[in-house]
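Participant: with the sequence up front, the predicted model follows.
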Amino acid sequence: MAETEKPPAQVEAAGAPSIDSILALMVGVVSIAALYFGRDVLVPITVAILLSFVLSPLVNFFRRARLGRVFSVLLAVLLALMVLLLLGALIGTQLAQLATRLPEYIATVQAKIGAVQGYAADHFSSIARRLGMESILPPETPTGPAGSTAPAAPNVQAEQGLSPLSILTTYVSPVLSPIATASIVFVVTIFALLQKEDLRDRMIRLFGSSDLHRTTVAMDDAAGRLSRYFLTLLTINVGFGVVIGAGLFLIGVPNPILWTILAATLRFVPYVGPIIAAGLPVALAAAVDPGWSMVVWTVLLFVVTELIFNQVVEPLAYGSGTGLSTFSVIVAAIFWGWLWGPVGLILSMPLTLCLVVLGRHVERLEFLDVLLGDRPALSPPESFYQRMLAGDADEAQDHAEILLERRSLSSYYDEVGLKGLQLAANDLERGVLRPGQLERIKATVHTLVGELDQFEDEQPETNEAKEKGVAPPQDEQALPVFPPPAFVARSSLPANWSGERTVMCLAGRGELDEAASAMLAQLLRKHGLGAQVVAHEAASRQGIASLPTEGVAMIAVSYLDISGTPSHLRYLLRRLKGKFPGAKILVGLWPSTDSALTDRSVQTAIGADFYSASMRDAVEACVQEAVRQGAKLASEAEAQASETPPAMPVAQPAA
């Protein structure tokens, strides 16, 4: 029967939205409306700002050559203008050449379409005759004497005179509008490059005047990252276009320079850009070649080139990634395309990246990084706790195996497992965990520990060598990696330390302390020591009398939280010393901020032999104690052998 549980008393019904939430919503709506209705002004300004990021390294190069600020900016902008004019001239020349042979291409396409239609009609007629369905065949179209239908009469309209104002509006305005937009872009670019430091100071004043040092470093880092990214993106897309143009030239597709520029430009559009760029060359290949081989080679050229650039070139250039999640790139393309049309579609990825960089460096805009960035919203310990809470052992194991590719088992337990259990312990203390959820967490943790028994507690050096130079996944870049405890030769360990009860891993009185003890026992077994997990009730005042003492050489007590009052721990250790007088006692206080780990007076009051804040230190303490006792037994055996008198000679019988 399904378990029915009442919600905890701490959960309250959602109240009315706060004033801050309403204001934030209003600001968002007004901002989107301003972007939409002001696109005629904002698009040139945005293009200018992005162009300033691209030209900034070139301006810095000229300034290092002592050309002066103003001359460096003007020279960089002039070079950019010359490149754009050259591209425009090439595009115009290529289009003119393409137009001269357009009738020939149309005739070839019509011939192919007629051949395909004829083949389809013959095939359909053959099938219909086989099935005895001649009645459904379409009747033949009557033709004229010459075998063609009569042309339709043209619709002739009288031309009306146009006024000079109409001529100006019809023909001159479409030409002047792009020129005016380009002028705005270059003027804003010049002033953005000239006033770069002043604009940075104004941004600091708006977003972080309370901490000038931190905000200045963040702004400089963000500007540098954006400049490098845009320059790298431009270089990669130009390289993509050059490879496509060279390939089309070798295949024989006309006007390869035009398709080079088109491929490099459209690749700024995420995902669909290369597909659109491939459409026109493929159609032209179908129009040029009477057969289909040129079409097949053109399609293969685009597919192979895009795979190489997407899977090899971009990861090497960007490292671990662009900083954007795949979902955010798609949504951003749809959003900016809806706001600003085709220009917004091309600018969607650079604009989204700017928002993500601002979110990473400006605290007020952190939600942008959470929504659009590729960094996970949950840290590894939070992901561990979430999977335990959901009871999803398979997903927890999959996440653990990914992390274990770069770290040892003890490092994973210290930095992920224990911290995840601490989150659960905090929720348990606050009363937000229901009994069913608690049991699910405990069962899932024990299942995960059992599945991870196949991993050794060692640093996976083979994987690091194989992935040398590749950045770690985003969800573990901020996660420290500690080396595992040093392995000791099994011959250095005394034989009596390999029994099943050598190290008794005793759980504290917390509900989740037994899960931490299971992790510690597994690590001890990996290092050659026998270990068993004992529940806290077994060492209580009522149960300690029945606790077996045979073979126990050390006791490791695990506590996720002692609630600031170590009196119960002191009495527990007093009972353990009375029951196991020769055993050493280690106390693992996994929250590293506990006062018992640093306060000598508290440690003296508790009375343990060792204190540890990590699984790694606990394992090392147990191994070193085993080695010490092994050396002590060996020295005692040698001393005893040296003190034994020599045996008396046995009398030999007379011959």
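Facilitator: All right, it came through fine. Numbers count the residues shown, from 1 in each chain.

Participant: isn't Thr447 right next to Gly391, touching?
Facilitator: No. Contact criterion Cβ atoms under 8 Å: Thr447 and Gly391 do not qualify, at 9.2 Å. Every residue, glycine included, has its C-beta placed from N, CA and C.

Participant: for the residue lying closest to Glu514 once chain neighbours are set aside, give the beta-bridge partners.
Facilitator: Closest residue to Glu514 apart from its sequence neighbours, by Cβ to Cβ, 6 or more residues apart in numbering: Ala507 at 3.8 Å. Per DSSP bridges, the residues bridged to Ala507 are Ser558.

Participant: what number of residues lie near Ala507?
Facilitator: Counted by other Cβ atoms under 10 Å, the residues lying close to Ala507 total 25.

Participant: got it, and Val29?
Facilitator: Count around Val29 with other Cβ under 10 Å applied: 10.

Participant: starting from Ala333, give me the distance back to it.
Facilitator: Distance of Val29 to Ala333, computed by Cβ to Cβ, to the nearest Å: 21 Å.

Participant: show me where the stretch 501-650 of the chain has helices.
Facilitator: Per DSSP state H, counting those that start in this stretch, the stretch 501-650 of the chain carries helices over the ranges 513-526, 567-579, 600-606, 615-643.

Participant: which of those helices has the lowest average pLDDT?
Facilitator: When the helices of the stretch 501-650 of the chain are compared by mean pLDDT, helix 600-606 comes last with a mean of 76.

Participant: for it, name the packing helices and strands.
Facilitator: Under the contact criterion of 3 or more Cβ pairs under 8 Å, 6 or more residues apart in numbering; DSSP states H and E, helix 600-606 touches helix 567-579.

Participant: CA atoms of the helix it packs on as CSV?
Facilitator: The C-alpha atoms that make up helix 567-579 are tabulated as CSV, following Å, rounded to 0.1, in the frame of the first residue of the first chain:
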residue,chain,number,x,y,z
SER,A,567,29.1,15.3,26.3
HIS,A,568,27.4,12.4,24.8
LEU,A,569,30.5,11.7,22.7
ARG,A,570,32.6,11.8,25.9
TYR,A,571,30.4,9.2,27.6
LEU,A,572,30.4,7.0,24.5
LEU,A,573,34.2,6.9,24.5
ARG,A,574,34.3,6.2,28.2
ARG,A,575,32.1,3.1,27.6
LEU,A,576,34.2,2.0,24.6
LYS,A,577,37.4,2.3,26.6
GLY,A,578,35.9,0.2,29.3
LYS,A,579,34.8,-2.4,26.8
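
Participant: buried residues of that helix, list them for me.
Facilitator: Neighbour-count burial for helix 567-579, counted by 16 or more other Cβ atoms under 10 Å, picks out 569, 572-573, 576-577, 579.

Participant: for the longest helix seen in the chain, buried residues please.
Facilitator: Longest helix in the chain, counting residues (DSSP state H): helix 212-251. Within helix 212-251, the residues scored as buried using 16+ other Cβ under 10 Å are 215, 218-219, 222-223, 225-227, 229-231, 233, 236-241, 243-245, 247-248, 251.

Participant: next SSE downstream of it?
Facilitator: helix 256-266 (DSSP states H and E).

Participant: whatever helix or strand comes next after that following helix - contacts with which helices or strands?
Facilitator: The helix or strand immediately downstream of helix 256-266 is helix 273-288, counting by DSSP H and E. Judged by 3+ Cβ pairs under 8 Å, 6+ apart, the packing partners of helix 273-288 are helix 102-130, helix 212-251, helix 256-266, helix 293-308.

Participant: output the lowest mean pLDDT helix or strand found in the chain.
Facilitator: In the chain, no helix or strand scores lower on mean pLDDT, DSSP states H and E than helix 461-466, which sits at a mean of 48.

Participant: which regions of the stretch 201-350 of the chain sit below the pLDDT cut-off?
Facilitator: In the predicted model of the stretch 201-350 of the chain, residues 204, 206-215, 217-218, 221-222, 318-323 satisfy pLDDT under 70.

Participant: please state the offset of the longest helix of the chain from the chain centre?
Facilitator: Taking the mean of its C-alpha atoms, helix 212-251 sits 20 Å from the chain's own mean (Cα atoms, centre = their mean, to the nearest Å).

Participant: what packs against that helix?
Facilitator: helix 39-64, helix 196-207, helix 256-266, helix 273-288, helix 293-308, helix 314-318, helix 326-361.

Participant: deepest of the ones you listed, which one?
Facilitator: helix 256-266 (a mean of 22; mean count of other Cβ atoms under 10 Å).

Participant: measure how far that helix is from the centre of its chain, please.
Facilitator: 31 Å.

Participant: what's the angle from that helix to helix 326-361?
Facilitator: 60 degrees (axes from the mean of the first three to the mean of the last three Cα atoms, to 10 degrees).

Participant: so how far is Phe302 from Leu345?
Facilitator: The value you get for Leu345 to Phe302, if Cβ to Cβ is used, is 19 Å.

Participant: could the helices and strands packed on helix 212-251 go into a markdown table alongside distance to Thr181?
Facilitator: Formatted as a markdown table, the helices and strands packed on helix 212-251 follow (distance: least, Cβ to Cβ, whole Å):
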| stretch | distance to Thr181 |
| --- | --- |
| helix 39-64 | 5 |
| helix 196-207 | 22 |
| helix 256-266 | 17 |
| helix 273-288 | 22 |
| helix 293-308 | 31 |
| helix 314-318 | 31 |
| helix 326-361 | 10 |
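
Participant: returning to what we had before: any idea which of the helices of the stretch 501-650 of the chain is most buried?
Facilitator: helix 513-526 (a mean of 24).

Participant: other SSEs contacting it?
Facilitator: Partner elements for helix 513-526 (3+ Cβ pairs under 8 Å, 6+ apart): helix 409-412, helix 418-430, helix 435-451, strand 503-507, strand 531-534, strand 554-559, helix 615-643.

Participant: just send the ones you listed back as TSV, with distance to Ala24 too.
Facilitator: Compiled in TSV, these are given as follows (distance: least, Cβ to Cβ, whole Å):
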stretch	distance to Ala24
helix 409-412	39
helix 418-430	28
helix 435-451	33
strand 503-507	46
strand 531-534	50
strand 554-559	43
helix 615-643	43
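
Participant: among those, which comes closest to Leu589?
Facilitator: Closest to Leu589 of those is strand 554-559 (Cβ to Cβ; 5.4 Å).

Participant: and the nearest residue to Val70 once chain neighbours are set aside, how far from Phe53?
Facilitator: Nearest residue to Val70, sequence neighbours excluded (Cβ to Cβ, 6+ apart): Leu194, at 6.9 Å. Applying Cβ to Cβ, the value for Leu194 to Phe53 is 15 Å.
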